[in-house]
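Colleague: with the input below, show me the fold.
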Amino acid sequence: MNILILGATGFVGSYLMERAIAQGHNVLGTQYNPTIDSRDYAAFQDKLVRCDIRYREQVDAVIKQNRPDIIYLLAAQSFPALSWSVPIETLDTNVLGTANVYESIRASGIDPVVVVACSSAEYGEVAAEDIPVKESHPLRPLHPYGVSKVATELLALQYWTNANIRSVCARIFNTTGPRKTGDVCADFTNRVVRIEAGQIPPVLRVGNLHTHRAITDVRDLIRALELLAQHGVPGEVYNISGAKTYQMQELVDLVIAGSRVPFTVEVDSTLLRPSDEKVIFGDSSRLISATGWQQSVPLNDTVADMLAYWRKSLNVSNGGR
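Modeller: Residues are numbered from 1 along each chain as shown. Below is the predicted model of the structure:
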């Protein structure tokens, strides 16, 4: 099977690449502004081509090269907090880039399944009585990234309706794991390992610890995406969410338990966002019904694996300092 992974040097894309290669598929991945360490994609560097989805001719070239049966559309400006600083770049990449991908597919004459990485950020603030949130809930994003993902999803569904391009949209909730950067789990675990190494003072500076998040390990997420490529209904939207929520204080407690040295925790006002959803938790029953997906990696294992990843990546010995 021919598989094209747009955004293969991103966090999720790198895991999908590894899985697809291990399964014996003919895999092509794209890279542009990687968000993971180059060491984490060195093993499949020979299966990567450079492609900025903002440029139609580059997308045309990779689709012509691979003629994919499955496309995972992961290429994006994927950091919600960053979107406040670069809203135009976020919209340009995520919205116009998506349109370029679909126009290239339409012009190519192929008939792939397109699994589109959408986001729980599309929902925005959700009332307590509507949690866990269902796919039918109104979309009211709170930042430019969320707006861009609403547009991405609507484009995907429009191309299914009007051009019969088989689009399956995955509204991905908080996902983390080794290689991740730019989320609270990655930030906490990275800084604790640097504290262990004596690189920074023994203080973990944190933002709002009162929010609640359902958290999924990346290894569970990629199984969900693979199952949607096989069993997802074109034109349908699926939440991919952890089965329970954790208050951010609980995450801090797990990191404290996994640390090799003591440290203090202090709230830093500069880490507080202009707006922040109190609870992010999705109802994944539609996904489970369609595919049989279940979570298998508990959060304590995820945190332990992330600490181990940073110790290896930062070359921190077992002795801490």
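Colleague: going forward, measure contacts and count neighbours with C-alpha atoms only.
Modeller: Will do.
Colleague: which residues of the stretch 201-321 of the chain fall in helices?
Modeller: According to DSSP state H, counting those that start in this stretch, the stretch 201-321 of the chain carries its helices in the segments 218-231, 248-258, 285-291, 299-313.
Colleague: quick one: work out the angle between the longest one and helix 248-258.
Modeller: Helix 299-313 runs at 60 degrees relative to helix 248-258, counting by axes from the mean of the first three to the mean of the last three CA atoms, to 10 degrees.
Colleague: now helix 299-313: mean pLDDT?
Modeller: Averaged over helix 299-313, pLDDT sits at 97.
Colleague: heads up, I number from 33, so please use that
Modeller: Right, with 33 as the first residue, what we last looked at is helix 331-345.
Colleague: just the CA trace of it, in CSV.
Modeller: C-alpha atoms of helix 331-345 as CSV (Å, rounded to 0.1, in the frame of the first residue of the first chain):
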residue,chain,number,x,y,z
LEU,A,331,-0.3,8.4,31.9
ASN,A,332,2.3,7.4,34.5
ASP,A,333,4.0,5.2,31.8
THR,A,334,3.9,8.2,29.4
VAL,A,335,5.5,10.5,31.9
ALA,A,336,8.2,7.9,32.8
ASP,A,337,9.0,7.4,29.1
MET,A,338,9.2,11.1,28.6
LEU,A,339,11.6,11.6,31.5
ALA,A,340,13.7,8.7,30.1
TYR,A,341,13.6,10.3,26.6
TRP,A,342,14.9,13.6,27.9
ARG,A,343,17.6,12.0,30.0
LYS,A,344,18.9,10.2,26.9
SER,A,345,18.4,13.2,24.6
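Colleague: give me the buried positions along it.
Modeller: For helix 331-345, the neighbour count (16 or more other CA atoms under 10 Å) marks 331, 334-336, 338-343 as buried.
Colleague: equivalent analysis for stretch 187-202, please.
Modeller: For stretch 187-202, by 16+ other CA under 10 Å, it's 187-189, 191-192, 197-202.
Colleague: show me where the chain has strands.
Modeller: Assignment of strands within the chain using DSSP state E yields the ranges 34-38, 58-63, 80-82, 102-105, 145-151, 198-204, 207-208, 235-238, 244-246, 248-249, 269-272, 277-279, 296-299, 311-312.
Colleague: the last one pairs with which strands?
Modeller: Applying DSSP bridges, strand 311-312 is found paired with strand 244-246 (parallel).
Colleague: and if you look at the second one?
Modeller: Strand 58-63 has the following strand partners under DSSP bridges: strand 34-38 (parallel), strand 80-82 (parallel).
Colleague: residue 233 is nearest to which of the helices of the stretch 233-353 of the chain?
Modeller: Proximity to residue 233 (CA to CA) singles out helix 280-290 among the helices of the stretch 233-353 of the chain, at 15.1 Å.
Colleague: contacts for that closest one, please.
Modeller: Helix 280-290 is contacted from outside by 217, 220-221, 224, 240-245, 294-295, 332, 335-336, 339, using CA atoms under 8 Å, 6 or more residues apart in numbering.
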